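Peer 1: What follows is a protein structure lacking sequence information:
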């Protein structure tokens, strides 16, 4: 998430313990050792003077110099303040030491963590991809060191399941990782030995490599499943050298890996934690929720099932309206509201998805910033072409304005077996017809005025609700 989307209030207390990458306040006047972590279990060691007031801009410059990152791609990376409980992308003006002193306050504000977990949490600084860096620019990078930094981050997200992927994707990516680690010319025996030594989980997502366990694993046999995965990985590995002809260079393999990741619409997203209502399955199973990751990038918003590792809903900004609401009573939740087109018993409707999260305010602000940034880039591109934008270069949703304004609707969201596709049918949503008349008694604890936030007013017909609704 983007650190500039929340207000970090100064912390004047002197009894907070200093944690993570920075030293105690008693020695801030002297030069201090600072570790800036990278993906791939490595770190940059810096010696910093005036640690208490050093800015992200200054630290980032020192890291780029240490890693010899070309000036032309300096915007590809940013400094993040991370822990198992919260990730924040920092702005150039932020001062990491001061944010570390406020860390517990930030955790209380933006997470549901227990007091014990918060007291033990330690943040660290990490140098990683800038969520605002366009994928189109990333494709033009040729520097191997920069590509490898991007690769290590993408690989981590694939292996942990943060980037849900289909078998054809994770098999191809696993084979490319093996080729980058061990070279593309292993024979079958060398391949098997390497896989057994490093384990499949080094190349395939953990939930794939480990299997579902339990009775299923017992009946089918863990060894046979492992053998099947190894065979699929071997076949994909052999295709690398065959398709390339000569032995491919590391930069070619890195480009292939990142290009494959770019086919995943949530590549490069900032991720937020939340929960959504499960569909009611009887009186006794009402009120249950499921954990979701909400990925937000310059293209749109993606809601992903944490357990099942697949997309529940993916929307471009031209396909949604949004807002957030604060708790009205003690025990209520912060909510991010997403409104989009759907269908109810054959009737076109506007659907509402409620995402419960203490990070709802962050998500809403982040969406707004992405929309503004995308709009500004599109205006700049149009101006660069003397205002002439071809049909193929129109912003997402602009072409649909002619069909899908207040006089029409877009095509239905796809529902397929791929982990990337939407599963709107599995969501517990609130539905309205176009003119605001309710389909059935549904009730958000919120007035209807929050539908005003849209990426582009003419491109989405927001429903006007005239009365409160009850949750169904």
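Peer 2: Thanks, I have the structure now. Keep in mind that this is a model prediction, so the values were computed, not measured.
Peer 1: Does residue 44 belong to a helix, a strand or coil?
Peer 2: Following DSSP: H, G, I helix; E, B strand; the rest coil, residue 44 is assigned to strand.
Peer 1: what's the answer for residue 118, then?
Peer 2: helix.
Peer 1: surely it meets residue 110?
Peer 2: No - assessed by CB atoms under 8 Å, residue 118 is found out of contact with residue 110, at 11.0 Å. Any C-beta I mention is one placed from the backbone N, CA and C, and that applies to glycine too.
Peer 1: The two: who's more crowded?
Peer 2: residue 110 (22 against 18; other CB atoms under 10 Å).
Peer 1: pLDDT value on that one, please?
Peer 2: As predicted, residue 110 sits at a pLDDT of 95.
Peer 1: check contacts around it.
Peer 2: 6, 86, 358, 359, 362 (CB atoms under 8 Å, 6 or more residues apart in numbering).
Peer 1: And it, its phi and psi?
Peer 2: phi -120, psi 0 (degrees, to the nearest 10).
Peer 1: Could I get the full set of strands for the stretch 201-350 of the chain?
Peer 2: 270-277, 289-296, 300-305, 310-316, 321-325, 335-344, 347-356 (DSSP state E, counting those that start in this stretch).
Peer 1: Over to residue 80. Which of the three states is it?
Peer 2: strand.
Peer 1: hey, what's it bridged with?
Peer 2: residue 89, residue 126 (DSSP bridges).
Peer 1: Isn't it up against residue 90?
Peer 2: Yes - using CB under 8 Å, residue 80 makes contact with residue 90 at a distance of 6.5 Å.
Peer 1: Of the strands of the stretch 201-350 of the chain, which stretch is the most buried?
Peer 2: Comparing these by mean neighbour count (mean count of other CB atoms under 10 Å), strand 300-305 ranks first with a mean of 24.
Peer 1: and residue 460, what pLDDT?
Peer 2: At residue 460, pLDDT is 40.
Peer 1: give the contact list for residue 69.
Peer 2: Per CB under 8 Å, 6+ apart, neighbours of residue 69: 76, 77, 143, 145, 146.
Peer 1: ok, residue 120 to residue 84 distance?
Peer 2: Distance of residue 120 to residue 84, given as CB to CB, to the nearest Å: 10 Å.
Peer 1: If you could redo that for residue 38, that was the one I meant.
Peer 2: 18 Å.
Peer 1: Which one's more surrounded, those two?
Peer 2: Between residue 38 and residue 84, counted using other CB under 10 Å, residue 38 has the larger neighbour count: 18 against 11.
Peer 1: and the closest residue to the more buried one other than its chain neighbours, how many neighbours does it have?
Peer 2: Closest residue to residue 38 apart from its sequence neighbours, by CB to CB, 6 or more residues apart in numbering: residue 127 at 5.7 Å. Residues within reach of residue 127, counting by other CB under 10 Å, total 23.
Peer 1: Check residue 426 too.
Peer 2: Residue 426 has 16 nearby residues by other CB under 10 Å.
Peer 1: what do you get for residue 239?
Peer 2: Residues near residue 239, counting by other CB under 10 Å: 12.
Peer 1: Confirm for me that it is in contact with residue 175.
Peer 2: Yes - using CB under 8 Å, residue 239 is in contact with residue 175, at 7.4 Å.
Peer 1: could you pull out the helices for this protein?
Peer 2: Under the criterion DSSP state H, the chain carries helices at the ranges 56-67, 96-101, 103-110, 115-120, 135-138, 144-160, 167-182, 188-198, 206-210, 214-220, 222-244, 250-262, 360-384, 401-404.
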